[in-house]
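Student: Sequence and predicted structure are below.
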Amino acid sequence: MKIQLALDRMTMEEAIQITGQVQPFVDWIEVGTSLIKEFGMDSVRALRSRFPDKCLVADVKTFDNAAYEFDMCFSAGADVATVMGAAPLVTIETCIEVAAKHGKQVMIDLLHTPEAQLQALATYEEVVFCVHVSKDEQEKRDRQQSADQLPHMLKRFDGRKKKLALAGGINLDSLPSLIRARPDILIIGTAITRATDPADAARTIQEFLNSSQKGENSHA
Ligand SMILES: O=C(CO)[C@H](O)[C@H](O)COP(=O)(O)O
């Protein structure tokens, strides 16, 4: 289970500083949509050049203009870029083609994706599916309740046996119920970046995941 650090709503200096502190405790680094909107592809280039060995996710949330946006992300140094699951299938398929051309990966963000479209998406093999509670839903509801929606949303995904990421207000309290779904990637933003001590928060989350995985293996 990998931890993807989501960097959002901060300056590039803060993004680089926080990533420097927490990098031993996280696996993937996400250049959040807010950083891409505010600072453009320079945000991807800056994190790529400072953290050359980390898997870098450009959370560009493409909905159209797939070839242009995905080429731009991969040329700037991203290893993974995101497209919205609700986008036209031709857009998603173009993202997959562009990623294959670059030898990179696609993450499909399932935020607000209709059921019929979920069925169509299930045919894609080489992608990561991200079950996601939006920031607006988190902010208009109790944060904990929002993260607690994730297991319920996941049921729509049962049986599809795909590479899975979870995102949206995840913290130490919601982790125990979420890891039962055995996601491949846990995307965590504010629980780390807004903590008083981000390195300590990331270390605690990593230790929790390591100890629960050890517990599972010893019962296997
Ligand atoms: O995609 C995102 C916002 O749209 C964030 O990456 C995701 O929500 C994780 O951040 P947080 O843990 O703060 O919710």
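Tutor: Cool, got the structure.
Student: Please look at residue 89 and residue 123 and confirm they touch.
Tutor: No: using C-beta atoms under 8 Å, residue 89 is not in contact with residue 123; the gap is 9.6 Å. Just so you know, the C-beta spots here come from the backbone N, C-alpha and C atoms, and that holds for glycine as well.
Student: the more surrounded of these two?
Tutor: residue 89 (12 against 7; other C-beta atoms under 10 Å).
Student: OK, contacts around that one?
Tutor: 117, 120 (C-beta atoms under 8 Å, 6 or more residues apart in numbering).
Student: where's it relative to the ligand, distance?
Tutor: Going from residue 89 to the ligand by C-beta to the nearest ligand atom, to the nearest Å gives 22 Å.
Student: Could you measure from that residue over to residue 113?
Tutor: Residue 89 sits 12 Å away from residue 113, going by C-beta to C-beta, to the nearest Å.
Student: Not including adjacent chain positions, what is the nearest residue to the residue of the chain found nearest the ligand?
Tutor: Closest residue of the chain to the ligand, C-beta to the nearest ligand atom: residue 189 (2.6 Å). Counting by C-beta to C-beta, 6 or more residues apart in numbering, residue 189 lies nearest to residue 6, which is 3.4 Å off, once chain neighbours are set aside.
Student: partners of the strand or helix carrying the one you found, with directions?
Tutor: Following DSSP states H and E, one finds residue 6 within strand 2-7. Strand pairing for strand 2-7, determined by DSSP bridges: strand 28-31 (parallel), strand 185-188 (parallel).
Student: what does the chain have sitting close to the ligand?
Tutor: The chain has residues 6, 8, 30, 32-33, 59, 135, 167-170, 187-191 near the ligand, with proximity defined as C-beta under 6 Å from any ligand atom.
Student: Just flag the most distant two among these.
Tutor: Pairwise distances across the residues of the chain next to the ligand (C-beta to C-beta) peak at 17.7 Å, for the pair 33 and 191.
Student: neighbour count winner among these two?
Tutor: residue 191 (22 against 18).
Student: what ranges do the helices span in the chain?
Tutor: 12-22, 33-39, 41-50, 66-75, 89-102, 115-121, 135-140, 143-155, 175-179, 190-193, 198-219 (DSSP state H).
Student: Report the distance from stretch 7-14 to the chain centre.
Tutor: Mean-position distance between stretch 7-14 and its chain equals 16 Å (C-alpha atoms, centre = their mean, to the nearest Å).
Student: Mind listing what's buried along it?
Tutor: 7, 8, 9, 10, 12 (16 or more other C-beta atoms under 10 Å).
Student: what's the burial count for residue 131?
Tutor: Residue 131 has 27 nearby residues by other C-beta under 10 Å.
Student: can you list the weak-confidence ranges in the protein?
Tutor: Scanning the chain for pLDDT under 70 picks out 142-149, 151-152, 156-161, 217-220.
Student: Skipping adjacent residues, who's closest to residue 170 in space?
Tutor: residue 188 (5.1 Å).
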